[in-house]
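Peer 1: sharing a sequence plus its predicted fold:
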Amino acid sequence: MKRVLAGIGVGIVGVVAFVYTTDSLSFTWPWDFVPEVNEVQVELTLPEEARIVNIEPIMLDCRARVHAEVPVLGRREHALFDQVYRTDTIEMVAIGDVDTCVDGGAAKVLRRSDGTTEIVIPAESIKFVRPRVNTVETAASVTVDKGLLGKVTDVFPWVSDDLALTPTAYAYSQNVIGSSECMRTAYTVTRGLITDAYRQQFIDQGADAGKLSVRIDGEPVFEDPEPIYMGEGVEMSVGNGSVTCVADRDLS
């Protein structure tokens, strides 16, 4: 039975290919009568580790903007009657950033009897917020390949657009940038920038640098972004150790 159905599928592909290349026929698909027989599977991976490439100081309570690059490989398979007839692939290097923000009011100033001052910053007041992908800078690296039958089978009424590969790859990259793994890596760099910023702030207010110390108490809460829901009960998550993220050597 499967061979018969597969043969029918190949025949349809042949007819559509002929129409597509010769433009000799014109017809309308019977949209309301096509069964829901198409299956789509999407897989996105990191062929290399994501990288923290730059730490940029910014204003207000956000002490540093963390810039990252995320290489992504994506694959989407379409199957008809359990036979894969089309494979779409995407390759890209997402460029994005996330902000390190500190609740300035959470810092405690401890003045010792020996004349020294210690600034204590509760680690839970340090947050990584607003992970973003720069779509303009990223677009130059995006390569999509629909395969030999991709353009032909685009006209099939059962080819789903719900799992569009490029937007999904962008969303996946954003979640990688905001993942706990990348935030822990960024924190190894931004921790020093945060303490330096508070130290400089107090020095600017006339404090004696020789009698001033800054300490971060504890560790921030590193939370993974919410899973990406792609319809039909399918979700994609970057948690549970699925991401590897490193900092460039000149940042460490």
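Peer 2: Thanks, I have the structure now.

Peer 1: check contacts around the residue nearest in space to the middle of the chain.
Peer 2: Nearest to the mean C-alpha position of the chain, by Cα atoms, centre = their mean, lies Ser173 at 1.9 Å. Going by Cβ atoms under 8 Å, 6 or more residues apart in numbering, Ser173 touches Val70, Val72, Met92, Ala94, Gly96, Val133, Thr138. Where C-beta positions appear, they are placed from N, C-alpha and C, glycine not excepted.

Peer 1: so what strands line up beside the helix or strand where the first one lies?
Peer 2: For Val70, the element it lies in under DSSP states H and E is strand 62-80. According to DSSP bridges, strand 62-80 forms sheet pairs with strand 38-45 (antiparallel), strand 50-57 (antiparallel), strand 83-102 (antiparallel).

Peer 1: can you name the residues bridging to the residue nearest to Thr45 when sequence neighbours are not counted?
Peer 2: Leaving aside its sequence neighbours, Thr45 sits nearest to Leu73 (Cβ to Cβ, 6 or more residues apart in numbering; 5.2 Å). On the basis of DSSP bridges, Leu73 takes part in beta bridges with Thr45, Glu91.

Peer 1: please apply the same query to Cys62.
Peer 2: With DSSP bridges as the rule, Cys62 is bridged to Cys101.

Peer 1: these two touch, right, it and Thr100?
Peer 2: Yes. Look at Cys62 against Thr100 with Cβ atoms under 8 Å: they come within range, at 6.5 Å.

Peer 1: between those two, which one's more packed in?
Peer 2: Thr100 (26 against 16; other Cβ atoms under 10 Å).

Peer 1: residues of stretch 201-216 that come out buried?
Peer 2: For stretch 201-216, a neighbour-count test (16 or more other Cβ atoms under 10 Å) marks Phe202, Leu212, Val214, Ile216 as buried.

Peer 1: leaving out sequence neighbours, find the closest residue to the second one.
Peer 2: When the adjacent residues along the chain are set aside, Leu212 lies closest to Thr117, with 5.3 Å between them (Cβ to Cβ, 6+ apart).

Peer 1: surely the one you found touches Tyr198?
Peer 2: No. Applying Cβ under 8 Å, one finds Thr117 not in contact with Tyr198, separated by 11.1 Å.

Peer 1: more neighbours, those two?
Peer 2: Comparing Thr117 with Tyr198 by other Cβ under 10 Å, the one with more neighbours is Tyr198, at 21 against 15.
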